[in-house]
Structure formats: structure tokens, C-alpha cells
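Asks: Dropping the sequence and predicted coords here.
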Amino acid sequence: MSDLPEFSIRVDHNPYLAAGGRETHAIVTVTAAGAGTGGAAVPASPATEAAEVIIIDASGSMSYSGKMAAAKRAAKAALNTLRDGVRFAVVAGANQPRMIYPKGRRLVAVDGATRRAAADAVSRLDAAGGTAIGSWLRLADELFAGHQDAVRHAILLTDGKNQHETDAELDAALAQCSGNFVCDSRGVGTDWNVAELRKISSALLGSFLDVPDPNDLEADFREMTAAAMGKRVTDVVLRVWTPQHAELRFLKQMVPAVEDLTGRRSGTGMIGDYPVGAWGDEEREYHLCVEVPAGGIGRQMRAAWVKLVLPAGAGEPADRELAAGNILIEWTDDEAKSTRINARVAHHTGQSELADAIQEGLEARRAGDEETATARLGRAVVLAGEVGNEQIAGLLDRVVEVVDERSGTVRLRKDVSKADEMSLDTRSVRTVRTLNRGGQDGHPRTRATRPTAGEEA
């Protein structure tokens, strides 16, 4: 691949540990620039092939509330956003998936004729049958199989629960597809299962989002497809080296959303690879925690060495290092140094706890445990204020009545719409960045605004 972005890595952490200290935290910011236009579609390049599969739920429930008509408009918007030369297909999902375009299980190149033919085929799509999402993903995996050097992306839309296959069947499908393509998932209406789409997006390194109003699908599909067209490199991994007798306690993606990558490690010994998917012009942030053997006062060591790597086989004959950063530490008896909290570490620690508090609070609320729900959602209110996540604060306002924000004193609202609850659950992992990256005083400086009408929360 010659058409790669220029990558850089920045590390923010407090390099000082107290005598006997063993645990260090760091925020690793990976930036890619120069690949294109930051998510907008760019001219085709022979060095960057792309493949797209659009999966539309065509189960019977899609015929209600204008969902199928909106899904057709959205699929056509995505087709119009694909750049010429991209290989693509449109799939309808029900009890079993079926090809909408082209005929036969294959991808075809986008041009004027295939774009029109696909749009015509989408216009004839009807709704009937049930929901078996694992089988839809298996078909997408089959379609992508002959395009391993391409940036492979799927869009999955559903309005219902995965009722026509078992959890084990879905898990097996995700295991088969993991690492083969990225999938952005969308749930339209309020009858789908947040946990299912969260599991799918996690396994396939994509985003997931609620779309309560079907009329919002068209713009969302256009945005997802434009972002996919801006990707210039696929199958990238974060490679983390830790010294002998050290342990990587966790590695989490924090921006654009919280995603625990710890369990995705491949490799043995002191080096582990963590998949981070496809990249265009963008910036992502990762929080890692390393436990090292305790050192004496004045001793310095490298706690971790983080590299962004394009592995051999992902369009490269050998592993290609794209960027690297060191996490260096020193033991000190200066308490002022060792107790300093890096602002960015504090900020993302709060955001991770915020996501957990919301999900645990909502789960308790659904189970009828009002005491736990009140406590956890109250804690979420405090954290949302501390990290400056006004978007989540606005969604919490719809689920709890805030009595005192500072203490987290809240009352559960009695008449909460299902759409509001699902929005809070779905978007709990979406994070905000710190504006001041150089702060070391432990007080992250953030700014966010409540979404205006029609803006994504």
C-alpha cells in the first residue's frame, strides 16, 4: 500500500512512581493524516481498494412505521456515496439472507450502470420473515472472501431481536467474521436489542447506534459510507511490548468510544497485538495500564513500547511499522511528583467509569432494583459533569430527575420512553476529548455542548 496516511503516536502519562510503585497508566493518542479528507469520499486510488456490503433487515416487522421505505432511501443514499470502482453488494436479511444486488453471491464494481441497477433492486425490496443476524454476517463474510487486500466494510441495519437463531449461532458467526471486515450496526425503532448490537460492533470493530426515527436513516447511511470511503489502510494492529515480569493490565480504546481491547490480544511472551481496524484521516485515543516489578529510587525503565503496525499479508510483504511511542517511568521519593495525576488519564478513567455506571444503572432499573439504579445513575450524573460530557448529561436528564448534581442525588423518572432509555444505553460509550492535552494538574479541561435539534447526541 503506497497510499497510506502519515501516522503519529503521542503518549500522555505521569512518568513518576513512588518507591515500591508498580502500576502506571498512559493515554496513547494515534493520529492519521494525509490520507484523504477526514471521512469525505475521495477519488479512487489503485493503491486502495475498497469493498462494501449493505445489509438491510427485511423481516416482516420492517413493514411498519415507515421503516422499510426509510431503509430503501438510506440504502440508495449509501449507493450514491460509494465511489466508482468500489466492489459492493446489497443483502436483504430475514430468516435467511438473500442477495438483492447483484444476482449470485459476488461483489461487483460500482459504475453508473451498476449503481442504477442496485437502486432499482432496492426499490423492489419487500418485508417478510424473521431475524437471523448471524446468517447475514456469514454471507457478508463470504462476499468479502476474495477481497482481502481491500478495505472491507459492512453496514448492518435491523429493527428487531435476533429471534431466529440461537445466541451460540450468532457467537459462532461473529467468531468466523472477526478480523475479516468492519461492520457498523444500526438499530431502527425500539424493538431491537442493545446488547446484541453492542456485541456485534465490538466483535467486528465497528460502531453501533440507535436511530429511533426512521427518517434519520438516510443521512446516517450517507455519513457511514462516506467515512468508509475515506479509509486508506485496513487490518492495523497496536503492538505492545512490555518488559519481562511486567503485565499489561488492560488496553481500552477511549475515543471515539469506549471499547475494551484487552481480551483481543494475539501473540506470546512480551509482545501482544491488538486489532484496531481500518484507518483514514482520524484520531483515536487508547488507555493502557501496565504493572511492572517495583524499582528503587532513581531507577528508570521502559514500561511499554507501543507501535502501530500493518502486519504482513495486509497488503504488505512484511510487517510495516507506522508509528511508535515509549512509556518511560522513573521511581522517585518526591511525593509531589509521584502523586500527580495526568489530566488526560483522569479524564478517560472518568469516562470509562461513566459508561459502566450507566449500563449497570439501566440494567438494575430493568430488573426492578431501584436502589442500585438510583445509586449508579446518580454516580453517572456526577461523572458526566466531571468529564464534561454534556451530551450524556442531557440523556441522563431524560431518565432521572437531578436533585443535586455535585453529590449525585437523583430520583428515577417514572415515565421514561423506551427510546430515551435505549439512547442512553447505546450512547453511554461515546466519549469527549480533553481540550488541554498538556495539563498535569489532575483537572481535565473539557467543553461540550448539548446537541441541538437534529444533531447526534
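Replies: Received the coordinates, thanks. Numbers count the residues shown, from 1 in each chain.
Asks: Wait, Gly295 touches Thr332, no?
Replies: No - look at Gly295 against Thr332 with CB atoms under 8 Å: they stay out of range, at 10.3 Å. C-beta coordinates here come from the backbone N, C-alpha and C atoms, glycine included.
Asks: what sits in contact with each of those two?
Replies: Shared contacts of Gly295 and Thr332 (CB atoms under 8 Å, 6 or more residues apart in numbering): Leu17.
Asks: Could I get the average pLDDT for stretch 365-372?
Replies: Mean pLDDT, taken over the full extent of stretch 365-372, equals 97.
Asks: contacting residues around that stretch?
Replies: With CB under 8 Å, 6+ apart, stretch 365-372 has contacts from Glu360, Gly361, Ala364, Ala373, Leu377, Val399, Leu412, Glu421.
Asks: buried set for it?
Replies: The neighbour-count check on stretch 365-372 (16 or more other CB atoms under 10 Å) flags Arg365 as buried.
Asks: next one: stretch 194-207
Replies: By neighbour count with 16+ other CB under 10 Å, stretch 194-207 contains the buried residues 194, 196-207.
Asks: now stretch 383-403
Replies: Across stretch 383-403, burial judged by 16+ other CB under 10 Å covers 383-397, 399-400, 402.
Asks: How far does that stretch sit from its chain's centre?
Replies: Put simply, stretch 383-403 sits 21 Å off its chain's centre (CA atoms, centre = their mean, to the nearest Å).
Asks: before we move on, the earlier item: looking at the buried residues of stretch 194-207, which two lie furthest apart in space?
Replies: Spatially, the most separated pair among the buried residues of stretch 194-207 is Val194 and Leu205, at 18.2 Å (CB to CB).
Asks: Okay, and which of the contacts of stretch 365-372 map to strands?
Replies: Judged by DSSP state E, the subset of the contacts of stretch 365-372 located in strands is Leu412.
Asks: Can you check the contacts of stretch 365-372 and name whichever has the most neighbours?
Replies: Gly361 (29 neighbours; other CB atoms under 10 Å).
Asks: Run a quick check on that one versus Ala380, I expect a contact.
Replies: Yes - under the criterion of CB under 8 Å, Gly361 makes contact with Ala380 at 6.1 Å.
Asks: quick one: low-confidence ranges for the stretch 351-457 of the chain?
Replies: Low-confidence segments of the stretch 351-457 of the chain (pLDDT under 70): 435-457.
Asks: Check which residues of the lengthiest helix in the chain are buried.
Replies: Assignment by DSSP state H gives helix 343-366 as the longest helix of the chain. Across helix 343-366, burial judged by 16+ other CB under 10 Å covers 343-362, 364-365.
Asks: now stretch 125-145
Replies: Using 16+ other CB under 10 Å as the test for burial, stretch 125-145 gives 125, 127, 129-144.
Asks: so where's this protein shaky on pLDDT?
Replies: 1-3, 35-47, 314-315, 435-457.
Asks: ok now stretch 258-266, how far from the chain's centre?
Replies: Put simply, stretch 258-266 sits 12 Å off its chain's centre (CA atoms, centre = their mean).
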